[in-house]
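Q: heads up, no residue letters with this:
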């Protein structure tokens, strides 16, 4: 006598499998309806136009501004047609003049203006700058200079100054803590507005509120500042910049606006946000913020065209206008949208804006059909302004120069760590300035390198022994978690990289999470259907995006099996019934059941019902379209040998 449970166990292991090739979801909005109530009332969108005409934001029509309101405050790349997009047809865009509270080029017209102003007001011009308080060895890349105590602090590069930061073309850091410097800045703005009364305000570049400087040099020795000292130096510097913004508001009221560029710096935006809860009568001090690198840094909004290198168009303008777009980028466009989306974040879709449909949710007539698939609401968003996070990082495989080093020694010397792999025989400085990725995915630039070692200057993560990756550049895959989906996007590593083909592809292991414990996902296609094959890894090229529907979120069709006997012996016939149903709202196409017969049995010819067949090893039932709410079954018989 054979117990049927042994045969059933074989069935459970091999399983009657319901295969579905795709789904047609109901027409649901991808997220909650767009509302025009701003999460942060102070923020407006800042449109940037690098073409002739200067910095532009949308037309001043209040309805347009409200419709374009966004927490992120940035669409990078320009949209010149907005200058003509006004109900009256004659309202000009908001005109801003460029300014910089952070740094200045020695010898240019602004520098000479400040110098003249200081002389006329009998104040010390040198107090306008930040200085090193001690002898300092400072380096940009491999170029280092020994600067005396009292030297100005450089920024971005040496600009052929030879370390003489009083020389024309040197770029140096300004001191917002000096009241005379702030007074000159306000006077400069007043004179500019008087000469150009059409200007609506000032665009403030390079606003960094948590440290002294954005791109100051690496320091091998010395490096403290005369004007800002101690652990609170960065906070005090930021406070002084905010004071300058406050004084601007007190001087010009609501007649002129200022828009600081906080770039990718989350902490700077957080400090700006805090100023909007202040009780000061002049609060808020600014009209909005501009985030130059909304998906950082400087690259995610460069959505390639078929021939991006020769297109002459860079930035989100390609995204907005949809010129010559390739179908490959349908899903990446949508993935970028989901990475940025909040209830009031509006990102223009890739097709041309239809002027006569103004006021209609553009997803209804301009996005690809996949936008109708319900991916749910965001979950586990990081704190702060940016809601996406880094999921994967490594060396871009399309890098010409790349290598792996197995570090057996990581020794700290001064401000640097030296990592050694005794098996290497590199040329001197082969990896200087190149990227290095730590075993845990942290990355930074190499300071110096030798035959079998590399030096890392003041790394924010302490290096240990292990496997490190070296190369020309790193890649990053950004992602955002939703109720029903994981959204991924892999931007270009930099402006100079044009490789978007297979040489840039990397294979990433998809996460196993508490809400999707199988770690299996289904790719959402541009037509709104799901690819039939579940995946646990994904290959992404530069500029690829993916919207991955979690298996757990699908409410997959049900399938069950039963047998008519609890025990049997050799020669007995068993009847199996496989039942299936689709409790979901989706229609599954090309559905079929495959069920291998148990070991130790033989199929009873012709016993499969409802169109089932036997291929010599398994039962097959081709269902075809499994509609929402549909159900059925198949029976077949086997004989125990």
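A: All right, it came through fine. This one's a predicted model, so the numbers in the text were calculated from it and none came from an experiment.
Q: Is the spatially closest residue to residue 481 that is not a sequence neighbour in a helix, a strand, or coil?
A: Distance criterion Cβ to Cβ, 6 or more residues apart in numbering; nearest residue to residue 481, sequence neighbours excluded, is residue 380 at 4.8 Å. C-beta here means a position set from N, CA and C on the backbone, and glycine is covered the same way. Classification of residue 380 using DSSP: H, G, I helix; E, B strand; the rest coil returns coil.
Q: how much space between residue 380 and residue 432?
A: According to Cβ to Cβ, to the nearest Å, residue 380 stands 38 Å off from residue 432.
Q: ok so, going back, from residue 570, how far off is the residue nearest to residue 481?
A: 56 Å.
Q: cool, and residue 557?
A: 36 Å.
Q: Compare the two and say which is more crowded by neighbours.
A: More crowded of residue 557 and residue 570, by other Cβ atoms under 10 Å: residue 557, with 19 against 10.
Q: Give the burial count for residue 437, as a bare number.
A: That count, for residue 437 with other Cβ under 10 Å as the rule, works out to 20.
Q: That one touches residue 473, doesn't it?
A: No. In this structure residue 437 lies outside contact range of residue 473 using Cβ atoms under 8 Å: 10.5 Å.
Q: Between these two, which contacts overlap?
A: residue 395 (Cβ atoms under 8 Å, 6 or more residues apart in numbering).
Q: How far off centre is stretch 633-641?
A: 54 Å (Cα atoms, centre = their mean, to the nearest Å).
Q: buried sites along that stretch?
A: For stretch 633-641, the neighbour count (16 or more other Cβ atoms under 10 Å) marks 633, 634, 635, 636, 637, 638, 639, 640 as buried.
Q: and if you look at stretch 218-225?
A: 218, 219, 220, 222, 223, 225.
Q: which residues sit in contact with the most far-flung residue of the chain relative to its centre?
A: Here the chain reaches farthest from its C-alpha mean at residue 571, the gap being 64.3 Å by Cα atoms, centre = their mean. Residues in contact with residue 571 (Cβ under 8 Å, 6+ apart) are 639, 640.
Q: looking at this, it is in a strand?
A: No. Counting by three-state DSSP, residue 571 is not found in a strand; it is coil.
Q: Make 284 the starting number, not 1.
A: Sounds good: first residue 284 from here, last item residue 854.
Q: okay, it: pLDDT?
A: On pLDDT, residue 854 comes in at 89.
Q: Equivalent analysis for residue 707, please.
A: 96.
Q: Check the one 5 residues further on too.
A: Reading off the per-residue confidence, residue 712 sits at a pLDDT of 92.
Q: Same check on the one 10 residues further on?
A: Reading off the per-residue confidence, residue 722 sits at a pLDDT of 92.
Q: correct me, but it touches residue 750?
A: Yes. Look at residue 722 against residue 750 with Cβ under 8 Å: they come within range, at 5.7 Å.
Q: For the stretch 784-924 of the chain, give me the ranges with low pLDDT.
A: 868-869 (pLDDT under 70).
Q: how about 90 then?
A: 784-787, 797-801, 803, 808-818, 824-828, 834-855, 862-883, 900, 905-914, 923-924 (pLDDT under 90).
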